[in-house]
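Participant: no sequence for this one, just the structure:
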């Protein structure tokens, strides 16, 4: 059973007051809040098991290693990877995407090769490819969107060619909430001999993932957007691809042997995990996966679809409010992106904050998308499993107060 009141009691921060008003947290696409079980799992590690992993013989080192590798197994099962060798711990989705660009891209791209992205990509899936493309004299191309904020599939067909070596795509737009048809894109890309990199940062918190069914080549996500701690990221890579990639960083733990003139690298996945890892963070992420799995992603997705549908209808009913993104709730994750006509988003956010309502404003690390939409900035209310219809009502009342202050 999905008991929203019980769920909310699991999150201590939701009892906070901002400016004397109960917190309404709508900034989940930036980072989610953490349940007590996640916090407790990390406290337990630091109080009872804290040690470095993999090389120690003593009891604490063995316990820490078992907890750390246990978290890797949970993540492997969470996305249905074939083996834990395909699961690399990073510090965030940005590092995961950079790792692909700087290892696979630098090894495989040649002059004239093409990297295909979308106009709705996060900067972390654009800038690394810009850097590598410049080095390798490769070409970046971008799939356009239509007036509904959906990918233009005709544009995709037109751009895909034998020159396309990799397609990088956000499963869900962090600005518009658009759910992209990644299964179709993977199939088309593979038919043209291209690999596919999926940014699942905005998808993993909300729905089930099966990388074997998807048949994607790379997939990354981040722990802090799905109830886990900051400093935790994941990169999945098919084992046969990962075996041929050079290391991303050099140092301890990514090696077997080091001599004055060469080194022998460690086995997978440790070859790509140089230095002391975020052990407590990995344990916390494993705990977050346990929490989400216990509630059930079918229940989470159903709650969020209902919440998003209610939010879209409520915001559409307000005068001088413009919404962006897909109208069809089946094509949209739990993101409400909007502007109030004639009022700068920063002013909107400041007044809403005085009402205890936390939203995100700006370009959301999607400046190319905002240029495509002729926007300087936008307001983003992003929802999660602990949000309620009542909180959306408060958002609407807050928007009305903003309009009153500015005479709109």
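Facilitator: That came in fine, so what should we check first? Nothing here was measured: the structure is a model prediction, and the numbers come from that model.
Participant: secondary structure element holding residue 230?
Facilitator: If you go by DSSP states H and E, residue 230 is not part of any helix or strand.
Participant: burial of it, as a residue count?
Facilitator: Residue 230: 16 surrounding residues under other CB atoms under 10 Å. Quick note: C-beta positions are derived from backbone N, CA and C, even for glycine.
Participant: gap between it and residue 19?
Facilitator: Distance of residue 230 to residue 19, computed by CB to CB, to the nearest Å: 25 Å.
Participant: now swap in residue 114 and tell me
Facilitator: For residue 114 relative to residue 19 (CB to CB), the value is 51 Å.
Participant: quick one: which of those two has more around it?
Facilitator: Between residue 114 and residue 19, residue 114 has the larger neighbour count (other CB under 10 Å), namely 20 against 10.
Participant: ok, the closest residue to the more buried one other than its chain neighbours - contacts?
Facilitator: Spatial nearest neighbour of residue 114, chain neighbours left out: residue 163 (4.4 Å); criterion: CB to CB, 6 or more residues apart in numbering. Counting by CB atoms under 8 Å, 6 or more residues apart in numbering, residue 163 makes contact with 112, 113, 114, 139.
Participant: looking at the first one now. What's its pLDDT?
Facilitator: Looking back up the chat, that one is residue 112. pLDDT, residue 112: 98.
Participant: how about it, secondary structure?
Facilitator: Secondary structure, DSSP: H, G, I helix; E, B strand; the rest coil: residue 112 is coil.
Participant: for it, give me its contacts.
Facilitator: Residue 112 neighbours (CB under 8 Å, 6+ apart): 137, 138, 139, 163.
Participant: show the buried residues in the residues you listed.
Facilitator: 138, 163 (16 or more other CB atoms under 10 Å).
Participant: list the ones among the contacts of residue 112 that fall in strands.
Facilitator: residue 139 (DSSP state E).
Participant: now flag whichever of the contacts of residue 112 is closest to residue 94.
Facilitator: residue 138 (20.6 Å; CB to CB).
Participant: does that closest one really touch residue 116, like I thought?
Facilitator: No: if you go by CB atoms under 8 Å, residue 138 and residue 116 don't touch, sitting 10.9 Å apart.
Participant: what about the helices in the stretch 301-408 of the chain?
Facilitator: Along the stretch 301-408 of the chain, counting by DSSP state H, counting those that start in this stretch, helices occupy 345-354, 367-372, 389-405.
Participant: out of those, which is closest to residue 262?
Facilitator: Taking the helices of the stretch 301-408 of the chain one by one with CB to CB, helix 367-372 is closest: 42.1 Å.
Participant: for the record, mean pLDDT for the closest one?
Facilitator: On average, helix 367-372 scores 97.
Participant: kindly report the same for stretch 226-233.
Facilitator: 98.
Participant: before we move on, what SS does residue 107 have?
Facilitator: helix.
Participant: same question for the one 10 residues further on.
Facilitator: What three-state DSSP gives for residue 117 is strand.
Participant: my guess is it meets residue 141, correct?
Facilitator: Yes: applying CB under 8 Å, one finds residue 117 in contact with residue 141, separated by 7.4 Å.
Participant: and these two? Which one has more around it.
Facilitator: residue 117 (22 against 17).
Participant: so what's the more buried one up against?
Facilitator: 125, 126, 129, 140, 141, 142, 143, 167, 168, 169.
Participant: just the buried members of the residues you listed?
Facilitator: Applying 16+ other CB under 10 Å to those flags 125, 126, 129, 141, 142, 143, 167, 168, 169 as buried.
Participant: residue 368 is in contact with the second one, correct?
Facilitator: The reference is to residue 126. Yes: counting by CB under 8 Å, residue 126 does reach residue 368; the two are 6.8 Å apart.
Participant: tell me how far the residue nearest to residue 114 lies from residue 263.
Facilitator: 35 Å.
Participant: for residue 65, same thing?
Facilitator: Distance from residue 65 to residue 263, by CB to CB: 22 Å.
Participant: more crowded one of those two?
Facilitator: The residue with more neighbours, out of residue 65 and residue 263, is residue 65; 18 against 14, by other CB under 10 Å.
Participant: so what's the more buried one up against?
Facilitator: Contacts of residue 65 by CB under 8 Å, 6+ apart are 53, 54, 56.
Participant: closest to residue 156 out of the buried ones among the contacts of residue 117?
Facilitator: For the buried ones among the contacts of residue 117, the nearest to residue 156 is residue 143 (5.0 Å; CB to CB).
Participant: neighbouring contacts of stretch 207-218?
Facilitator: Residues contacting stretch 207-218 (CB under 8 Å, 6+ apart): 78-82, 100, 104, 182-183, 186-187, 190, 195-198, 200, 203, 219, 235-238, 241, 297, 300-301.
Participant: in PyMOL, select just the buried ones from those.
Facilitator: Buried members of the contacts of stretch 207-218, defined by 16+ other CB under 10 Å, are picked up in PyMOL with:
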select buried, resi 78+79+81+100+104+182+186+195+196+197+198+200+203+219+235+236+237+238+241+297+300+301
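Participant: in strands, which of the contacts of stretch 207-218 fall?
Facilitator: Reading strands off the contacts of stretch 207-218 with DSSP E, I get 195, 196, 197, 198, 219, 235, 236, 237.
Participant: JSON lines please, covering those and showing distance to residue 6.
Facilitator: Shown next, in JSON lines, are the ones in strands among the contacts of stretch 207-218 (distance: CB to CB, whole Å):
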{"residue": "195", "distance to residue 6": "43"}
{"residue": "196", "distance to residue 6": "39"}
{"residue": "197", "distance to residue 6": "38"}
{"residue": "198", "distance to residue 6": "33"}
{"residue": "219", "distance to residue 6": "32"}
{"residue": "235", "distance to residue 6": "34"}
{"residue": "236", "distance to residue 6": "32"}
{"residue": "237", "distance to residue 6": "38"}
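Participant: start to end distance for stretch 201-209?
Facilitator: Length of stretch 201-209, first residue to last, CA to CA, to the nearest Å: 12 Å.
Participant: and the chain, what are its domains?
Facilitator: 4-27+296-405, 40-293 (automatic domain parsing).
Participant: including distance to residue 33, could the ones you listed go into TSV?
Facilitator: Below are the domains of the chain laid out as TSV (distance: least, CB to CB, whole Å):
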stretch	distance to residue 33
domain 4-27+296-405	5
domain 40-293	7
